[in-house]
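> Provide a 3D model corresponding to the input given below.
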Amino acid sequence: PKTGVYFYEKCLEIARLTGDKRGEMAANHDLGLIHQRMDEPATATRYHERQLELAGGLDMAPEVRVASAELAKVYRKAAEEREKLGEFDGAVGFYTKCLESSQAAADRASEGLACYSLGRSYVMLEDPLKAIGFLDDYETICRDLADVEGEGQACAALAAAYQTLRNDERALEYLERCLQIATETENLVAQGDACCTLGMIHNK
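Numbering: from 1, shown residues only. So this is what the prediction gives:
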């Protein structure tokens, strides 16, 4: 990969010297991809952001979508790294960029995943009202895409958000739907989690 980077950087240098914007855009794309494979998301982000800037300047909608799709991946990776460290404010910033890039790429599945991740992060930040807005969007996207398991995840996360708001009635509604979906999809772990939380709420 390092040898590949060397030659792609030469391509980028020549494209800049000759004023070849399309060549510069292609080199940035290739450099972004190779740095992703090398697990260097920060460097990959820089190249893909430049690719997006060039594509926008050339008014090339297909290339804008390609660059945005790759940016969604690197922003998600950066957000997940912040999440692992418990830095949920930082995670929210990157997940927001991931959501915007997914929308620009017209990738509904990626958009839904970003909404879900934002919802969960806001639950951890004890801001359930913001969380519910994103989780509602995720549930809608899952229904549009016929993603039944995703809908179950949305219901579980919405139940957690409503529990934070001390609205056990709404939490029960979502947990019962979550249990129904988990039973239909034979997801034993999700069934166990839903049953446990339902039991705790009824006991309370």
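
> C-alpha from now on. contacts and neighbour counts both.
Will do.

> ok, now how distant is Gly57 from Glu13?
As judged by Cα to Cα, to the nearest Å, Gly57 and Glu13 stand 19 Å apart.

> of these two, who's got more company?
Neighbours were counted for Gly57 and for Glu13 using other Cα atoms under 10 Å; Glu13 has more, 15 against 11.

> what helix or strand is the more buried one on?
Using DSSP states H and E, Glu13 maps to helix 2-17.

> who's in contact with Glu49?
Taking Cα atoms under 8 Å, 6 or more residues apart in numbering, we find Glu49 in contact with Ala67, Leu71.

> what's the first helix or strand after the helix or strand where it lies?
Assigned by DSSP H and E, Glu49 belongs to helix 41-57. Once the chain leaves helix 41-57, the next helix or strand it forms, by DSSP H and E, is helix 61-84.

> elements contacting that next one?
Using 3 or more Cα pairs under 8 Å, 6 or more residues apart in numbering; DSSP states H and E as the contact definition, the elements that helix 61-84 packs against are helix 41-57, helix 88-104.

> buried ones in the last one, by neighbour count?
By 16 or more other Cα atoms under 10 Å, the buried positions in helix 88-104 come out as 88-92, 94-104.

> swap in stretch 127-140?
So stretch 127-140, judged by 16+ other Cα under 10 Å, has buried residues Asp127, Pro128, Lys130, Ala131, Ile132, Phe134, Leu135, Asp136, Asp137, Tyr138, Glu139, Thr140.
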